[in-house]
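**Q** give me a 3D structure for the following:
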Amino acid sequence: MRIPQWLTMLSGTALCSVAQAQDIPPDVGVADRNRPAFDAPGLSAGSLLIYPSVTGRAEYDDNVLASSAGKRGDKIFYLEPEVRVRSNLARHAFDLKAYYHRSFHAKLDTEDASEYGANGRGVVDVTRRTRIRFTGSAERNAENRSSLGSFTGSRTRVKFDRYAGSAGLEQEVGDFILLGKGEYRRIRYMDTTDPLGNPIDLSFRNLKVRNATGQVSYRLRSGTSAFVRVQREKRTYDLRPGDPGFDPITQTDRSAKGLRAEAGLGLELTSLVYGNIRVGYLKQNYADPKLRDVDGLSYGADILWNITSLTSFKLTAQRAVDETSSQTTAGNLRSEFTADIDHELLRNLILSVGTRYARISPAGLSPRSREYEARFGARYLLPGRFMELRAGYAFEKRSSANPAIRFSSNNVFVALMFKR
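**A** Purely as a prediction, here's the structure:
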């Protein structure tokens, strides 16, 4: 009896998945693993590997403006070319990416936006036990309407420039690892207009953030370590009391100094569970006495559990103070949890399902809110063609006593990526 060709291909793909199970790195999740049979080889230029790609994505969002009243749905098309450059050196390493993303809305063309930029990271191996790590980015982005920190009431999505960089020194001393790192962020918002065309000056949102981190880790045994981390942060808004252009109505100075001190464990349990958990104390002291200082429990977790060779579970948790676009609320104390499951149904078909929950308490007079998200998706890697097909659905909701920030939305998309 002749076996249909599609059944032969399906069986072969499934058998290959089982055969390669022994070669899978134990500390990498299903969605992030290399797949040499489907990954693009890239272009070689001396000690550099170059990976160009372009993605076309079509989606439908039933609440494009993330509004609680008068929902407006729209079809959106995205064009997203990118190029990634990685080093191929015996020592040292760096990874750079440049991108340009353009969105086109079928009805609400005022929501169209171009986003572009470059970011990268690297490590310099000074000696076998001494390393310098650095990151950098320069980007022009547009705020997502569904983001709690986005500016409401503007005719178009608010554009902003973001520049960031960090440098750190890592030193191994016996079983200890010492780390010192400095970070800097500069965010500048473009002025916009209201629905009637009146100008809106957003210079009150421009700020600089400086961060210093010190960490001491100690190897308890193979794969497990204990660490203590202390972070100091300073947020400085461009417009301060007495400066020309400082808001004469609210007279609120939202600049602040923060502290975060945590202790935790880096885990590697039975070659199945990896990640870290941490707990400690945080505080955010605001320059303006009208604002409520934030202090309390700090915690975080990043856990990967490879349940089987074909199924991964990821859990993250974080409690931190976010920035906000409000002139009377200086920050949002956000406690957020996410969980994701990835399953390799076939070597070239990965299914994913995830959820997110966040509880937000503003440092000011605004009411509290909660966010909920559920999503699922699929990735199909086309054999031998270096193409990737993606599809998915997401539901997102924010509940609050403030109707201006309440919303719910449904989003469905399909995307095709071409890789080289």
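
**Q** in its sheet, what does the helix or strand encompassing Leu267 sit against?
**A** When elements are assigned from DSSP states H and E, Leu267 belongs to strand 256-269. Sheet pairing of strand 256-269 (DSSP bridges) gives strand 224-237 (antiparallel), strand 273-286 (antiparallel).

**Q** to Glu170, which of these lies closest?
**A** Evaluated with Cβ to Cβ, those place strand 224-237 nearest to Glu170, the distance being 12.3 Å. The C-beta positions use only the backbone N, C-alpha and C, and glycine is treated the same way.

**Q** got the contact list for that closest one?
**A** Contacts with strand 224-237, where a contact means Cβ atoms under 8 Å, 6 or more residues apart in numbering, come from 177, 204-220, 253-269, 276, 278, 280, 323.

**Q** I'd like to know which of the residues you listed are buried.
**A** The neighbour-count test (16 or more other Cβ atoms under 10 Å) applied to the contacts of strand 224-237 identifies 177, 204-209, 211, 213, 215, 217, 253-256, 258-260, 262, 264, 266-268, 278, 280, 323 as buried.

**Q** just list the residues touching the nearest residue to Gly197 once chain neighbours are set aside, thanks.
**A** What sits nearest to Gly197 in space, not counting adjacent residues and going by Cβ to Cβ, 6 or more residues apart in numbering, is Arg155, at 7.2 Å. When contacts are counted by Cβ under 8 Å, 6+ apart, Arg155 is found next to Thr110, Thr192, Thr193, Asp194, Pro195, Gly197.

**Q** just Leu351 next, same as before
**A** When contacts are counted by Cβ under 8 Å, 6+ apart, Leu351 is found next to Asp342, His343, Leu345, Phe376, Gly377, Ala378.

**Q** among the contacts of Arg155, name the ones in helices.
**A** In helices, defined here by DSSP state H, there are no members of the contacts of Arg155.

**Q** can I get the residues you listed in TSV including distance to Ser87?
**A** Output for these, formatted as TSV (distance: Cβ to Cβ, whole Å):
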residue	distance to Ser87
Thr110	42
Thr192	40
Thr193	44
Asp194	48
Pro195	48
Gly197	49
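
**Q** neighbour-wise, which one of these leads?
**A** When neighbours are taken as other Cβ atoms under 10 Å, the top entry among these is Thr192 (18 neighbours).

**Q** so who does the spatially closest residue to it that is not a sequence neighbour touch?
**A** Taking Cβ to Cβ, 6+ apart, and ignoring the residues beside it in sequence, Thr192 has Ser154 as its nearest neighbour in space, at 4.4 Å. Contacts for Ser154 were tallied using Cβ under 8 Å, 6+ apart; they are Thr192, Thr193, Asp194, Ile200.

**Q** so for the first one, what's the pLDDT?
**A** Read it as Thr192. Reading off the confidence values, Thr192 has pLDDT 92.

**Q** likewise the last one?
**A** The predicted structure scores Ile200 at 88 on the pLDDT scale.

**Q** measure it to Arg157 for me?
**A** When Cβ to Cβ, to the nearest Å is applied, the distance between Ile200 and Arg157 equals 13 Å.

**Q** which one of these two has more residues nearby?
**A** For the pair Ile200 and Arg157, the greater number of neighbours falls to Arg157 (21 against 14), based on other Cβ under 10 Å.

**Q** average pLDDT for the strand holding Leu267, rounded please.
**A** Computed over strand 256-269, the mean pLDDT rounds to 91.

**Q** and what of stretch 386-396?
**A** Confidence over stretch 386-396, taken as the mean pLDDT, stands at 96.

**Q** mind listing what's buried in that stretch?
**A** Of the residues in stretch 386-396, those scored as buried under the neighbour-count criterion (16+ other Cβ under 10 Å) are Phe386, Met387, Glu388, Arg390, Ala391, Gly392, Ala394, Glu396.

**Q** swap in stretch 168-176?
**A** Buried residues in stretch 168-176, defined by neighbour count with 16+ other Cβ under 10 Å: Gly168, Glu170.

**Q** still on that earlier bit, helix, strand or coil for the residue nearest to Gly197?
**A** Secondary structure for Arg155, judged by DSSP: H, G, I helix; E, B strand; the rest coil, is coil.

**Q** which phi and psi does it have?
**A** Comment: the main-chain dihedrals of Arg155 come out as phi -70, psi -30, following degrees, to the nearest 10.

**Q** confidence score at it?
**A** 90.

**Q** just the pLDDT for the nearest residue to Leu259 once chain neighbours are set aside.
**A** Setting aside the residues directly before and after it, Leu259 is nearest to Lys283 in space (Cβ to Cβ, 6+ apart), at 5.2 Å. What the model reports as pLDDT for Lys283 is 92.

**Q** now do the host helix or strand of Arg102, average pLDDT.
**A** Assigning secondary structure by DSSP H and E places Arg102 in strand 93-105. This predicted structure assigns strand 93-105 an average pLDDT of 97.

**Q** give the buried residues for that strand.
**A** Judged by neighbour count using 16+ other Cβ under 10 Å, the buried positions of strand 93-105 are Leu96, Lys97, Tyr99, His101, Ser103, His105.
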